[in-house]
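Trainee: What follows is a predicted protein model with its sequence.
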Amino acid sequence: MAAPEESVVHGSKARPQDLPSIDKLLRRPAAIALLAEHGHTLVVAEARALLERLRADAVAGRLAADSLQPAALDDALAAAVRARLAPRMRAVFNLTGTVIHTNLGRALLADAALQHLLAVMSAPNNLEYDLASGRRGDRDSIVEELLCTLTGAEAATLVNNNAAAVLLTVAALARDREVIVSRGELVEIGGAFRMPDVMASAGAHMVEVGTTNRTHPADYERAFTANTALVMKVHTSNYAVQGFTAAVDEKTLAGIAHARGVPLATDLGSGSLVDLAHHGLPREPLPQEMLAAGCDIVTFSGDKLLGGPQAGLIVGSREAVGRIRKFPMKRALRMSKLPLAALEATLMLYLRPERLAQDLPTLRLLTRPVDQIQALAVALRPALAVAVAPRFAVETVELLGQIGSGSLPVERLPSAGLALAPAGTASKGIGTALDALANALRALPLPVIGRIADDRLLLDLRCLEDEAAFAAQLPRLAELLR
Ligand SMILES: *Cc1c(COP(=O)(O)O)cnc(C)c1O
């Protein structure tokens, strides 16, 4: 069998001298059309790169002669230009079961936020301009009043993300001085953000009190010195200490700190502005409760449970927020106008709490009724089964998802979806088969991201809202699996 195959293959190979010159390639009608559409720079660069690739293949003796047919060259050049212009950042289907997925961009923006972004980003705007007086304004003032209304804070300021909010708070309030924090709250969140490192970066000296599982008021009381500048509480958002535990609540701690003239800051992490229990979800502490309990500063993220853009929100007393705002590092961490516009529109939605579960995608997805998700799984199963047959079998399943981004780590969200299992595959081939399926799903125009567990690929449908777009890709999936 080897001999005839070799002669056939050899006979159809192109030689380097068969390649057209770049001028000849660019004089073809298809190239002229590309030049007219995209201009000289891009098309010439792609033509040159294409010819280099073809030449390398020809020199290696692996360029099929057919690849140099005029139509094939036209197609290859058009494809190269298209690929060069394809954005690296793409929309995907998050069927992982984790609603606020940090690797998949966290919260989805509400329509209102997208519209507001478009309206104020495509024109000059009053980012730092006071329209009433005609004088220079402060970008914080765009949402400060809203944030105060929603949280009961006296003042608010904003930075790029919550990690920056914590860093800035500690630096502004406690640089070169001591910050007291419980050993039970020395949190590491993803991406190398560890509370002890943040304290060090901010130039503060961390004073740890208590133990991993129990910290008492007396532990804090003993730790104060003349150099104590701040007491810090950190919401243990991405883990839970269970069993024989004790922590000092904000109200008690505020009393202890204030009696010594020291402010109390709480890093909430997620920080929902509405009581999730009202929506049938597990409770997260609210910034407004923390402030009411006496915290001087509360920091939280814009793109976790709040459901907005990446942002670090700092709310609290006029005095403490004022010090933070004036601290020079604030300028380096300030929020950009894009997320600021999206944040304003998102916060606005909270003024109509009755509509929030409809208007805010994060809450809409988190509160999606399980029977609705189940019905979606039942409806999608047959078409998916056809697309992945005969290599995989598909069944509808009950699943447990999670909120994600460190919110409520222990709680699971009852959900539903589709499980794809290799059909008739020996057990040692299952992993490879599932990897191939996951690759095919990720290679779709709108990549589908699921999760692999228990020898199956699971697609949790809680976050699938555009089922038509999902179904439209199934023929392509079938091709990729062929
Ligand atoms: C998520 C989180 C942060 C960091 O917030 P980003 O907005 O991601 O920077 C800080 N602290 C806690 C407790 C968190 O959960």
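Mentor: Okay, I see it.

Trainee: Contact partners for the residue in the stretch 251-400 of the chain that the ligand sits nearest to?
Mentor: Proximity of the stretch 251-400 of the chain to the ligand (Cβ to the nearest ligand atom) peaks at residue 269, 2.4 Å away. Where C-beta positions appear, they are placed from N, C-alpha and C, glycine not excepted. Residues counted as contacts of residue 269 (Cβ atoms under 8 Å, 6 or more residues apart in numbering) are 162, 187, 189, 234, 235, 237, 238, 300, 301, 304, 406, 407.

Trainee: ok, the fourth one to the ligand distance?
Mentor: Taking Cβ to the nearest ligand atom, to the nearest Å as the criterion, residue 234 is separated from the ligand by 6 Å.

Trainee: what about the closest residue to that residue other than its chain neighbours, neighbour count?
Mentor: Counting by Cβ to Cβ, 6 or more residues apart in numbering, residue 234 lies nearest to residue 185, which is 4.0 Å off, once chain neighbours are set aside. Close neighbours of residue 185, defined as other Cβ atoms under 10 Å, add up to 21.

Trainee: pLDDT value on residue 185, please?
Mentor: If you check residue 185, the pLDDT there is 92.

Trainee: So it versus residue 168, what's the distance?
Mentor: Going from residue 185 to residue 168 by Cβ to Cβ, to the nearest Å gives 19 Å.

Trainee: so where do the strands sit in the stretch 351-482 of the chain?
Mentor: 392-401, 413-422, 448-449, 451-453, 456-460 (DSSP state E, counting those that start in this stretch).

Trainee: Below-threshold pLDDT in the chain: ranges please.
Mentor: 1-11, 190-191, 406-410 (pLDDT under 70).

Trainee: how about the residues of it near the ligand?
Mentor: 161-163, 166, 187, 189, 193, 234-235, 237, 267, 269-270, 301, 312, 406 (Cβ under 6 Å from any ligand atom).

Trainee: List buried members of those residues by neighbour count.
Mentor: Buried by 16 or more other Cβ atoms under 10 Å: 161-163, 166, 187, 189, 193, 234-235, 237, 267, 269-270, 301, 312, 406, out of the residues of the chain next to the ligand.

Trainee: quick one: buried residues of stretch 375-392?
Mentor: For stretch 375-392, using 16+ other Cβ under 10 Å, the buried residues are 376, 377, 380, 381, 383, 384, 385, 387, 388, 391, 392.

Trainee: any idea how far the ligand is from residue 248?
Mentor: Between residue 248 and the ligand the distance is 17 Å, computed by Cβ to the nearest ligand atom.

Trainee: Report the contact partners of that residue.
Mentor: Per Cβ under 8 Å, 6+ apart, neighbours of residue 248: 182, 215, 216, 217, 219, 220, 256.

Trainee: By neighbours, which of those residues wins?
Mentor: Among those, residue 182 has the most neighbours (other Cβ under 10 Å), with 26 neighbours.

Trainee: which of the buried ones among the residues of the chain next to the ligand lies closest to residue 17?
Mentor: Residue 17 has its nearest neighbour among those in residue 161, at 56.9 Å by Cβ to Cβ.

Trainee: Without its sequence neighbours, what residue ends up closest to that closest one?
Mentor: Once flanking residues are discounted, residue 161 sits nearest to residue 312: 4.8 Å by Cβ to Cβ, 6+ apart.

Trainee: Report the beta-bridge partners for the one you found.
Mentor: For residue 312, the beta-bridge partners under DSSP bridges are residue 159, residue 301.

Trainee: Now the closest residue to the ligand within the stretch 101-250 of the chain: phi and psi?
Mentor: Among the residues of the stretch 101-250 of the chain, residue 162 lies closest to the ligand, at 3.0 Å counting by Cβ to the nearest ligand atom. Dihedral pair for residue 162: phi -70, psi -30, per degrees, to the nearest 10.

Trainee: which residues does the closest residue to residue 460 other than its chain neighbours contact?
Mentor: Leaving aside its sequence neighbours, residue 460 sits nearest to residue 97 (Cβ to Cβ, 6+ apart; 3.4 Å). Residues in contact with residue 97, defined by Cβ under 8 Å, 6+ apart, are 399, 400, 401, 402, 413, 415, 417, 451, 458, 460, 462.

Trainee: coming back round to it: would you confirm that the residue nearest to residue 161 contacts residue 303?
Mentor: No. Counting by Cβ atoms under 8 Å, residue 312 does not reach residue 303; the two are 10.0 Å apart.

Trainee: ok so, going back, partners of the residue of the stretch 251-400 of the chain closest to the ligand in the sheet?
Mentor: The partner residues for residue 269, given DSSP bridges, come to residue 300.

Trainee: how far away is it from residue 306?
Mentor: Separation of residue 269 from residue 306 (Cβ to Cβ): 11 Å.

Trainee: Common neighbours of those two, please.
Mentor: With Cβ under 8 Å, 6+ apart, residue 269 and residue 306 have common neighbours residue 300.

Trainee: ok, now which ones touch residue 151?
Mentor: 273, 286, 287, 288, 291, 298, 315.

Trainee: Could you do residue 149 as well?
Mentor: By Cβ under 8 Å, 6+ apart, the residues touching residue 149 are residue 351.

Trainee: Buried by neighbour count: which residues of the helix or strand it falls within qualify?
Mentor: Using DSSP states H and E, residue 149 sits in helix 141-151. Neighbour counts over helix 141-151 (16+ other Cβ under 10 Å) mark 142, 143, 144, 146, 147, 148, 150, 151 as buried.

Trainee: what's the answer for stretch 240-260, then?
Mentor: 247, 248, 250, 253, 254, 256, 257.

Trainee: Out of the contacts of residue 248, which is nearest to residue 336?
Mentor: Set against residue 336, the nearest of the contacts of residue 248 by Cβ to Cβ is residue 182 (33.9 Å).

Trainee: So the closest one sits against residue 247, correct?
Mentor: Yes. Residue 182 is in contact with residue 247 according to Cβ under 8 Å; the separation is 6.7 Å.

Trainee: Mind listing the shared neighbours of those two?
Mentor: Joint contacts of residue 182 and residue 247 (Cβ under 8 Å, 6+ apart) are residue 215.

Trainee: quick one, phi/psi of residue 271?
Mentor: Taking degrees, to the nearest 10, you get phi 70, psi 80 for the backbone angles of residue 271.
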